[in-house]
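Enquirer: next input, structure requested:
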Amino acid sequence: MNWDRIEGNWKQFSGKVKEKWGQLTDDDIAQVNGNREQLEGILQKRYGYAKDKAKQELDSWSDSL
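Expert: I've put the predicted structure just below:
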């Protein structure tokens, strides 16, 4: 799915993000507010992902929507 659609409908997708990455807090989700780069950074921080791994995880997740 196009990230612009995810960003535009962030409130809908934020629940799906929490389902996929349960370690993210509500504050993390609110801070991201649909911004892909911020979400990548938070995934790196919470899960210890390398930058490429965070990008790959988001690509895989968004393609599955």
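
Enquirer: centre-most residue in this protein?
Expert: Of all residues in the chain, the one closest to the mean position by C-alpha atoms, centre = their mean is L39, 4.5 Å from it.

Enquirer: would you mind confirming that that one is in contact with D59?
Expert: No. Taking contacts as C-beta atoms under 8 Å, L39 lies outside contact range of D59: 11.8 Å. Any C-beta I mention is one placed from the backbone N, CA and C, and that applies to glycine too.

Enquirer: just say helix, strand or coil for Q23.
Expert: When classified by DSSP: H, G, I helix; E, B strand; the rest coil, Q23 comes out as coil.

Enquirer: and for it, the neighbour number?
Expert: For Q23, the count of nearby residues is 11 (other C-beta atoms under 10 Å).

Enquirer: residues contacting it?
Expert: R46, Y47 (C-beta atoms under 8 Å, 6 or more residues apart in numbering).

Enquirer: for N33, same thing?
Expert: Per C-beta under 8 Å, 6+ apart, neighbours of N33: W10.

Enquirer: give me the distance between it and Q56.
Expert: 22 Å (C-beta to C-beta, to the nearest Å).

Enquirer: E40: how many residues sit nearby?
Expert: 19.

Enquirer: what helix or strand is G41 on?
Expert: Element membership for G41 (DSSP states H and E) is helix 36-47.

Enquirer: what packs against whichever helix or strand comes after that helix?
Expert: Once helix 36-47 ends, the next helix or strand along the chain (criterion: DSSP H and E) is helix 51-63. When contacts are defined as 3 or more C-beta pairs under 8 Å, 6 or more residues apart in numbering; DSSP states H and E, helix 51-63 packs onto helix 36-47.

Enquirer: contacts for the helix it packs on?
Expert: Outside helix 36-47, the residues within contact range by C-beta under 8 Å, 6+ apart are 3, 6-7, 17, 21, 23-24, 28, 31-32, 49-51, 54-55, 57-58.

Enquirer: what's the mean pLDDT across it?
Expert: Helix 36-47 shows a mean pLDDT of 97.

Enquirer: and the angle for that helix with helix 51-63?
Expert: If you take axes from the mean of the first three to the mean of the last three C-alpha atoms, to 10 degrees, helix 36-47 sits at 110 degrees to helix 51-63.
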